[in-house]
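> requesting a structural model of the entry that follows:
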Amino acid sequence: MSEPSPRQVLYAFVAGGFLLVVAVLVIGAATAGLTPPWWTAVMAVSLGAFGIWSALNWRKTTIVLLGSIGLFVVWAIVTLIVA
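A predicted model of the protein is given here:
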């Protein structure tokens, strides 16, 4: 396996940052009582599963970035609907 490019490393950190932001938002919304428990559980499982998958496949930068940004968008839209 070849050495990762600087772009791959940067994109992995950006995707990880998005996942961290979504995790903080999920916890914050649950703590403030803005979202029902089922939505918090769904997002926690989704974040955990995608986070593990991303850690194992971080060199697939397109999928990892789109997935992390997608989780943020899904969280925002559904949270607005269920809140």
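> measure the residue most central in space within the chain to G70 for me?
With distances taken as CA atoms, centre = their mean, the residue of the chain nearest its centroid is L19 (3.2 Å). Distance, L19 to G70, using CB to CB, to the nearest Å: 11 Å. Using the backbone N, CA and C atoms, a C-beta is placed for each residue, glycine as well.
> helices or strands up against the host helix or strand of A12?
If you go by DSSP states H and E, A12 is part of helix 6-32. Here helix 6-32 touches helix 37-56, helix 61-82, going by 3 or more CB pairs under 8 Å, 6 or more residues apart in numbering; DSSP states H and E.
> what's around P36, how many residues?
12 (other CB atoms under 10 Å).
> next up, phi/psi of it, please.
The phi/psi pair for P36 (degrees, to the nearest 10) reads phi -70, psi 160.
> setting aside sequence neighbours, what's the nearest residue to I63?
N57 (7.2 Å; CB to CB, 6 or more residues apart in numbering).
> can you count the residues close to the one you found?
Look at N57: counted by other CB under 10 Å, it has 13 neighbours.
> isn't it right next to V64, touching?
Yes: with contact defined as CB atoms under 8 Å, N57 counts as touching V64 (6.7 Å).
> gap between S68 and A83?
22 Å.
> that should have said G70, apologies.
Taking CB to CB, one finds G70 at 20 Å from A83.
> swap in W38?
13 Å.
> those two: which is more packed in?
Legend: neighbour count by other CB under 10 Å for W38 and A83, higher for A83 (12 against 9).
> about what we covered before: columns distance to Q8 and mean pLDDT on top of the helices and strands packed on helix 6-32, output as JSON lines?
What follows is these, written out as JSON lines (distance: least, CB to CB, whole Å; pLDDT from 0 to 100):
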{"stretch": "helix 37-56", "distance to Q8": "13", "mean pLDDT": "97"}
{"stretch": "helix 61-82", "distance to Q8": "6", "mean pLDDT": "96"}
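> what's the closest of those to E3?
Evaluated over the helices and strands packed on helix 6-32, closeness to E3 peaks at helix 61-82, with 14.9 Å, by CB to CB.
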